[in-house]
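In: My questions concern the predicted model and sequence given below.
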Amino acid sequence: MRLMRRFGVAEKSDRPYECKRCETAFSVQYQVCPECGSYSVERDEWD
């Protein structure tokens, strides 16, 4: 999703949070990614 947005293919997402390890997007910020267990769930726009 992030890569597509950088190239202008995708509009802003309704899921602004993303796990930096597995790149799963979420609509809310988790402390721990429920998909992979990473502690790096941040706003996608902060890149």
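Out: Looks like it arrived, so ask away.
In: Now Phe26: closest residue in space that isn't a chain neighbour?
Out: In space, not counting the residues next to it along the chain, Phe26 is nearest to Tyr17; the distance is 4.5 Å by Cβ to Cβ, 6 or more residues apart in numbering. Yep, even glycine has a C-beta here, placed from its N, CA and C like the rest.
In: so the one you found makes contact with Ala25?
Out: Yes - between Tyr17 and Ala25 there is a contact under Cβ atoms under 8 Å: 6.9 Å.
In: Doesn't Glu45 lie inside a helix?
Out: Yes - assessed with DSSP: H, G, I helix; E, B strand; the rest coil, Glu45 lies in a helix.
In: ok, now which ones touch it?
Out: Pro16 (Cβ atoms under 8 Å, 6 or more residues apart in numbering).
In: what do you get for Arg21?
Out: Arg21 neighbours (Cβ under 8 Å, 6+ apart): Cys33, Cys36, Ser38, Ser40.
In: For it, what are phi and psi?
Out: With angles defined as degrees, to the nearest 10, Arg21 sits at phi -90, psi -50.
In: and Glu18, what pLDDT?
Out: As predicted, Glu18 sits at a pLDDT of 94.
In: Count the residues that sit near it.
Out: Glu18 has 24 neighbours, counted by other Cβ atoms under 10 Å.
In: Just say helix, strand or coil for it.
Out: strand.
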